[in-house]
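J.: sequence first, predicted coordinates after that:
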Amino acid sequence: MSPEQLLGSVEFPEEDVVVADFEAGVGTLTRLGEEHVDTVVIVVEATPKSLEVGARAAALAAERTVARIVVVANRIRHDEDLETVKAAFPGMEVVGVPHDPKIVEADRKGVAPIDLDPDAPAVRALIGLASTLMPSPN
């Protein structure tokens, strides 16, 4: 059973939030059934191949009438990188995460970046992203 099928076979209460991290590429979205998905987060870098795959993923998510698509521009080194990603996804919500050596350091040490340095620029950007993804309390 694929992860998508497994998630689709479980009943979650309406107020629950489920976050699933699937493999890179568009395979998951091609197998996405009619299950209720509120938000798809597409992570790209400012490289031609990444933008191409990300654009295909965004198109597939839009075909499946996902309510919200968020594009994460990862490892942004310059303003031009962010502008390149925004240009590739016109009209879509794009959130930038800066290139940050603390992320690499945390990975090498086997710790979460937030535990290594909660004030690192990329960590702050990801915390901001997470807060925008959480549903607002009613």
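T.: On my side now, so go ahead.

J.: how far does stretch 75-92 stretch from start to finish?
T.: 19 Å (C-alpha to C-alpha, to the nearest Å).

J.: now find how far off-centre whichever helix or strand residue 71 is part of is within its chain.
T.: Following DSSP states H and E, one finds residue 71 within strand 68-76. Centroid separation for strand 68-76 versus its chain: 6 Å, with C-alpha atoms, centre = their mean, to the nearest Å.

J.: same check, this time on stretch 123-135
T.: Centroid separation for stretch 123-135 versus its chain: 11 Å, with C-alpha atoms, centre = their mean.

J.: does the most centrally placed residue in the chain count as helix, strand or coil?
T.: In the chain, the residue lying closest to the centroid (C-alpha atoms, centre = their mean) is residue 41, at 3.2 Å. The three-state label given to residue 41 by DSSP: H, G, I helix; E, B strand; the rest coil is strand.

J.: what's near enough to touch it?
T.: 70-72, 133 (C-beta atoms under 8 Å, 6 or more residues apart in numbering). C-betas here are computed from N, CA, C, even on glycine.

J.: could you do residue 43 as well?
T.: 54, 71-72, 74.

J.: which one of these is nearest to residue 91?
T.: residue 71 (10.7 Å; C-beta to C-beta).

J.: all helices of this structure, in order?
T.: Secondary structure of the chain (DSSP state H): helices located at 3-8, 27-31, 48-63, 79-88, 101-109, 113-116, 121-133.

J.: please identify which of the ones you listed is closest to residue 37.
T.: That would be helix 48-63 among the helices of the chain, by C-beta to C-beta, at 8.1 Å.

J.: so what angle separates the directions of that closest one and helix 79-88?
T.: 40 degrees (axes from the mean of the first three to the mean of the last three C-alpha atoms, to 10 degrees).
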